[in-house]
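> Got a predicted structure here, sequence first:
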Amino acid sequence: MLFNHNQYLGLRVTFFVLLSIIFMVVDHRTPELGTLRSLMSDATAPFQYTANWPLDLMNRIKSNFNAKHELITENTHLKMQNLLLKAKVQKMLAIQKENTSLKALLKSTAGLKDKVAVAQLLAVNMEGYVAQAVLDKGKKENVYVGQPVLGSTGIMGQVVQVNRWTSRLMLITDTRSAVPVVDERTGLRAIVIGTGPFRPLSLINIPDTADVAVGDVLATSGLGLRYPEGYPVGIVIKIRKRTGQQFSEIVVSPTAHLYRDTQVLLLWHSRAKLMKEASEELENMKQENKDMNQQIIDRVRDGG
Amino acid sequence: MVGDGIFRSRMVILITFVFAIFLSIFPIPTWALWFQPAWVLLFAIYWIVALPHRVGIATAWFLGFMVDILNGTTLGEHALAFTLIAYLAAKSFRQFRMSSGWQQMMSVALFVGLYQLIVFFLEGVTGSVPKTLLYWLPILTSMLVWPLVFVTLRHIRRRYKVI
């Protein structure tokens, strides 16, 4: 058998060499063998798939590990994002609150025909007997000294100093503050003064015999033309009648959120325009009084 | 009985060739591609030398044709190269068997070198010439891997009584 194979070796080689050349020429020059090639490629496809299988397996294992690693990375990233978003949400809550309070503030001026402006509290000063705050509106916005300042739930105070871009607000709890009020129930007119920051207000010069009860709402009376009338100032929470003393001690709790609000309303009170005229009239009345007194004294002297 | 032996032998040889093809198409990183030995050729050389009456020119041609299909080269290119190398192996199988390990390695290097040369030439004729010197690297790696191939296939031949 060995001999047989070797004998025809040369012949075989020549045959196969020629066969190869024919194939090469045909495949190179014409597309005829395309079908044969694709057919045989399909036949060898199982080879390819099987040869790929270990690599595919390794890739899948690798991607599992990668997926885990990716998940961990993604998780860390998401946690960080979550933290940032939470912080933003907190800010949003604060903004929402501010929005609500601003709306309330504006609503409280719904009936007003007077001009209003929203001002922001920039700084507060609450030491000793001083209860003041700095507002972010000033001369540029036509703020004037004595201008009334409202909160969303009541009178806050008045402007005591005006700078170019800022102004100073004196709260009604400041010891130098005095607000003319009227008892809504009885119509009794009086003055509410401040006793210091974080302390309640005091209704002064009320004799024991006056009709004041706990729970009475005190609103601005409009007298003095500084504060517009009808705004709540405080509620009576305690009445102390002192024996031996002429006046009662009346403790009033302010209705405005003096220490909570960050936004306030500046009011251009239409009646304020009348202030100048009214004070002139007041001066005239004083003068008339003085003249009349003088007249009576003269008459008495002359009468003898 | 004899038929069984021949059939079984043919099967075993076929399986080894299938394995050789697997090795040649196994996915390896791009940089490692040049380092691949000519597996199919090496297996063919062994079987031609060991059993020249069983594996001959026809088998070699068909193997080369398979390589063409798998590599997408012009049909007949590697077939031709396989044919010529198989001829050399078949002509010199006696000397090959008698040579020592080193000598065999040198012969293998020569065979693979000629194989690469033929393919290089034919590639130049039909397609594009390989431009890198790394193209000749398989000569070295085939030579180095030959002892392993030889020992393994010999073990299989003896174990499964391939005749």
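Arrived safely.
> does B:I57 really touch A:L11, like I thought?
No: under the contact definition of CB atoms under 8 Å, B:I57 does not touch A:L11, with a separation of 9.5 Å. To be clear about C-beta, it is placed using only N, CA and C from the backbone, and glycine gets the same treatment.
> and the two? which has more neighbours close in?
Regarding B:I57 and A:L11, a neighbour count based on other CB atoms under 10 Å in any protein chain shown identifies B:I57 as having more, with 26 against 10.
> Nearest residue to the more buried one in space, please, no chain neighbours.
Nearest non-adjacent residue to B:I57, counting by CB to CB, 6 or more residues apart in numbering or on different chains: A:R12, 4.3 Å away.
> For the helix or strand that that neighbour is a member of, enumerate the helices and strands it packs against.
Here A:R12, judged by DSSP states H and E, is contained in helix A:9-29. Counting contacts by 3 or more CB pairs under 8 Å, 6 or more residues apart in numbering or on different chains; DSSP states H and E, helix A:9-29 packs against helix B:57-71, helix B:77-91, helix B:101-126.
> A:I204 touches A:G194, doesn't it?
No: taking CB under 8 Å as the definition, A:I204 is not a contact partner of A:G194, at 10.9 Å.
> neighbour-wise, which of the two wins?
The neighbour comparison of A:I204 against A:G194 (other CB under 10 Å) goes to A:G194, with 26 against 14.
> and among the helices and strands packed on helix A:9-29, the most buried is which?
Mean neighbour count (mean count of other CB atoms under 10 Å in any protein chain shown) peaks for helix B:77-91 among the helices and strands packed on helix A:9-29, with a mean of 24.
> After it, heading C-terminal, what element do we hit next?
The helix or strand immediately downstream of helix B:77-91 is helix B:93-98, counting by DSSP H and E.
> and the residue nearest to B:I57, what pLDDT?
We have a pLDDT of 89 for A:R12.
> Restrict the one helix or strand B:R154 maps to to CA atoms and write it as PDB.
Per DSSP H and E, B:R154 falls inside helix B:137-159. Extracted in PDB, the C-alpha atoms of helix B:137-159 (Å, rounded to 0.1, in the frame of the first residue of the first chain):
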ATOM      1  CA  LEU B 137       6.600  34.800  12.900                       C
ATOM      2  CA  PRO B 138       4.600  31.600  12.600                       C
ATOM      3  CA  ILE B 139       7.700  29.800  11.300                       C
ATOM      4  CA  LEU B 140       9.300  30.300  14.600                       C
ATOM      5  CA  THR B 141       6.300  29.500  16.800                       C
ATOM      6  CA  SER B 142       5.400  26.500  14.700                       C
ATOM      7  CA  MET B 143       8.900  25.100  15.100                       C
ATOM      8  CA  LEU B 144       8.700  25.600  18.800                       C
ATOM      9  CA  VAL B 145       5.300  24.000  19.200                       C
ATOM     10  CA  TRP B 146       6.200  21.000  17.000                       C
ATOM     11  CA  PRO B 147       7.500  18.800  19.800                       C
ATOM     12  CA  LEU B 148       4.200  19.200  21.700                       C
ATOM     13  CA  VAL B 149       2.200  18.400  18.600                       C
ATOM     14  CA  PHE B 150       4.400  15.500  17.800                       C
ATOM     15  CA  VAL B 151       4.200  13.900  21.300                       C
ATOM     16  CA  THR B 152       0.500  14.500  21.600                       C
ATOM     17  CA  LEU B 153      -0.500  13.100  18.300                       C
ATOM     18  CA  ARG B 154       1.900  10.200  18.800                       C
ATOM     19  CA  HIS B 155       0.200   9.400  22.100                       C
ATOM     20  CA  ILE B 156      -3.200   9.500  20.400                       C
ATOM     21  CA  ARG B 157      -2.000   7.300  17.600                       C
ATOM     22  CA  ARG B 158      -0.800   4.700  20.000                       C
ATOM     23  CA  ARG B 159      -3.600   5.000  22.400                       C
END
